[in-house]
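Engineer: Okay, predicted coordinates and the sequence, questions at the end:
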Number of protein chains: 2
Amino acid sequence: MSTAGELGEFGVIARIGARLGAPPPPAGPGDDAAVVGTPDGRVVVTTDLLAEGVHFRWDWSSPYDVGRKAAAANLADIAAMGAVPTALLVGIALPASTGTQVLDGLADGLRDECALVGAAIVGGDTIASGDRLTLAITALGDLQGRAPVTRAASAPGVLVLAGRVGWSAAGLALLRAGAAMSGLEDLFAAHRRPQPPYAMGPALAKAGALAMCDVSDGLIADVRHLTDACGGHAEIDPELLDLDPLLVAAGDRLGCPPLEWMLTGGEDHALVAVLPEGVHLPGVRVIGRLDPTPAGHREPTSGATGGVRVRGRSAGFGAGGHAHFS
Amino acid sequence: MSTAGELGEFGVIARIGARLGAPPPPAGPGDDAAVVGTPDGRVVVTTDLLAEGVHFRWDWSSPYDVGRKAAAANLADIAAMGAVPTALLVGIALPASTGTQVLDGLADGLRDECALVGAAIVGGDTIASGDRLTLAITALGDLQGRAPVTRAASAPGVLVLAGRVGWSAAGLALLRAGAAMSGLEDLFAAHRRPQPPYAMGPALAKAGALAMCDVSDGLIADVRHLTDACGGHAEIDPELLDLDPLLVAAGDRLGCPPLEWMLTGGEDHALVAVLPEGVHLPGVRVIGRLDPTPAGHREPTSGATGGVRVRGRSAGFGAGGHAHFS
């Protein structure tokens, strides 16, 4: 039994289930649906797709890495609402030729990332389809009685960042360039396995965060999500970002300005939030300000209509059109 | 703008979102995650993948049909726990060349099937990937204070069926054979759009159902899921099944025994349940019995080790090895 096709659907499910451990009661994998406790009376829920060739490559990431990364992307979305992840569901569309070591690695990676936050894998589905593997992950979370922290701030505050930005993008750039990794292994690892600051989501919510999202598209693009949600404007001060020596070294090796990775690189799943002025929280770094009123109202001479401004710059980045500057 | 690739990820999300209507508060599509009310203190959750070429073909099903069917498969799983569906999340992995009319049809179909049960589409994800469309649906449901009806019966009872079986399989067989559809359009329609008896899930739970699952793999295979879950045995009496004249006509046209479709055909998403002896519920048909004790204990001379028996037969069906008979 060395491929998914030989195992068959139920064999694949049994094999993955065996690595994930016993399902929590009253109903878990193997029934029509799972039952998850929601003592808060609400559940936070998100779903994400990750596809081979789009979000990962087998020559750069192991199955274990992909499992970790797929879980992380979803668990970070739960944290970005200020919630604590509680459960994961896993859909896997895979070629029949997929080796069992791939299934084992995926399952172990999903399990270990969930273990970081105490979430249980409660259900899933597998189908044989296509020639590339696609993961469809759904995560559930608990707000613990707090209001969800949406992307829409209702008052001005300081922009704060928890976690790393630019690391995954730098690692990917090194991989794409076929550059020597010596001394920069942590960037490579950051691309393969992001390390979202899960606990900072609830911590930011408790500290009174006015808005929050995770940095999956890039810092500018995701702050833009915050300004779009409230119709306001924000300024990021690049001097306040923590330019790690590793990013500088990677920039030197590739001849790229490392700040670009920090401003436009996604997939590290840091958390960017708006805190009320004067609120201090260990573990976050102030990187700018956000105001939920349109820029034009406060800066009538700038001609700005909202959006994100990076201090000291007048031109935009290549951030896929998600960011504009005035 | 005629393809998903031209619209881009955010354009695809906006286009689909516009057809689905406003998200329910406090957070819906467009935030990191959605928040769904769970007044019961628990949530029922399930996920399913449907892939082009595996679960549907564009020459046999319209995008609208596929949306309906994808939602139905998941909503039926919620009903099979005795719960009421409340919310859906939709992941779509699609070729960049996918036409906008496909997106529109899918969204409309998902929306209309959800409307049947009052469920809201609260979130999702889309990615451009591969050359075939894959849907990853997650459904949430509310138990309304009742215990979930799992697949594991704790006491013997009568096997009951709510909804149709064999219709989708007959429609598929007609399509595969290129047979004339005149007079049999309802079978064709049943394959494209199953009609799960959603309301019967909670009704069976209220009536005291001891076990339940939806018929997605085929009646024998799914009753086998019930006997596997409790370690018991069951008997289906084919004479108690409602052999519809349409199935007989299709059988005549193709030269197939229509009972085979009813016993082994999946995808109609009927509900099969175990009710305590003497409980009568409008809308269900008694089709046999299930006992959660191993067959060998009660029928020491049969040599049976459990599983599903079809009355009057001694040989198995081609049900993918999921059914065996003694």
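Structural biologist: Alright, I've got the coordinates. Numbering: from 1, shown residues only, chains lettered A, B, ... in the order given.

Engineer: any idea which helix or strand comes after the helix or strand where residue A:74 lies?
Structural biologist: When elements are assigned from DSSP states H and E, residue A:74 belongs to helix A:63-79. Remark: after helix A:63-79, the chain's next helix or strand is strand A:84-94, criterion DSSP H and E.

Engineer: next one: stretch A:252-270 to chain centre, how far?
Structural biologist: From the chain centre to the centre of stretch A:252-270 is a distance of 16 Å (CA atoms, centre = their mean, to the nearest Å).

Engineer: Name the residues of that stretch that are buried.
Structural biologist: Across stretch A:252-270, burial judged by 16 or more other CB atoms under 10 Å in any protein chain shown covers A:253-254, A:256, A:258-270. (Each C-beta comes from the backbone N, C-alpha and C, glycine too.)

Engineer: ok, which pair from those residues is furthest apart?
Structural biologist: Greatest spacing in these, by CB to CB: A:253 and A:269 (24.5 Å).

Engineer: How confident was the prediction at the spatially most central residue of chain A?
Structural biologist: Centroid-nearest residue in chain A: residue A:269, 3.2 Å away (criterion: CA atoms, centre = their mean). Predicted confidence (pLDDT) for residue A:269: 97.

Engineer: how near is it to residue A:141?
Structural biologist: Distance check for residue A:269 against residue A:141: by CB to CB, to the nearest Å, it reads 14 Å.

Engineer: do residue A:216 as well
Structural biologist: Taking CB to CB as the measure, residue A:216 falls 16 Å from residue A:141.

Engineer: How about the contacts made by the closest residue to residue A:37 other than its chain neighbours?
Structural biologist: Closest residue to residue A:37 apart from its sequence neighbours, by CB to CB, 6 or more residues apart in numbering or on different chains: residue B:42 at 5.5 Å. By CB atoms under 8 Å, 6 or more residues apart in numbering or on different chains, the residues touching residue B:42 are A:35, A:36, A:37, A:38, B:143, B:148.

Engineer: can you pull the contacts of the closest residue to residue A:177 other than its chain neighbours?
Structural biologist: Leaving aside its sequence neighbours, residue A:177 sits nearest to residue A:254 (CB to CB, 6+ apart; 5.7 Å). Residue A:254 sits next to A:173, A:174, A:177, A:179 when contact means CB under 8 Å, 6+ apart.

Engineer: Same question for residue A:261.
Structural biologist: For residue A:261, the contact set (CB under 8 Å, 6+ apart) comprises A:165, A:166, A:167, A:169, A:170, A:173, A:247, A:250, A:251.

Engineer: Tell me the one of those nearest chain B?
Structural biologist: Of all the contacts of residue A:261, chain B sits closest to residue A:165, with 16.2 Å by CB to the nearest CB.

Engineer: So what's the residue count around the closest one?
Structural biologist: Neighbourhood size, residue A:165 [other CB atoms under 10 Å in any protein chain shown]: 27.

Engineer: how deep is the closest residue to chain B within the stretch 51-200 of chain A tucked in, by neighbour count?
Structural biologist: Closest residue of the stretch 51-200 of chain A to chain B, CB to the nearest CB: residue A:136 (3.2 Å). If you count neighbours by other CB under 10 Å, residue A:136 ends up with 32.

Engineer: isn't it right next to residue A:74, touching?
Structural biologist: No. In this structure, residue A:136 is not within contact of residue A:74 by CB atoms under 8 Å, at 9.9 Å.

Engineer: residue ranges for the helices of chain A, please.
Structural biologist: Along chain A, counting by DSSP state H, helices occupy A:4-20, A:63-79, A:100-117, A:167-177, A:185-192, A:200-206, A:219-230, A:245-254, A:258-264, A:295-298.

Engineer: related to what we said a few turns ago, how about the residue nearest to the centre of chain A, what does it touch?
Structural biologist: A:72, A:73, A:76, A:163, A:194, A:195, A:196, A:214, A:215, A:216.

Engineer: Now that we're looking at the second one, what pLDDT does it have?
Structural biologist: Read it as residue A:73. pLDDT, read off for residue A:73, is 96.

Engineer: cool, and the fourth one?
Structural biologist: Note on residue A:163: pLDDT of 97.

Engineer: give me every residue that touches it.
Structural biologist: Per CB under 8 Å, 6+ apart, neighbours of residue A:163: A:195, A:196, A:197, A:200, A:215, A:268, A:269, A:270, A:271.

Engineer: All set, thanks.
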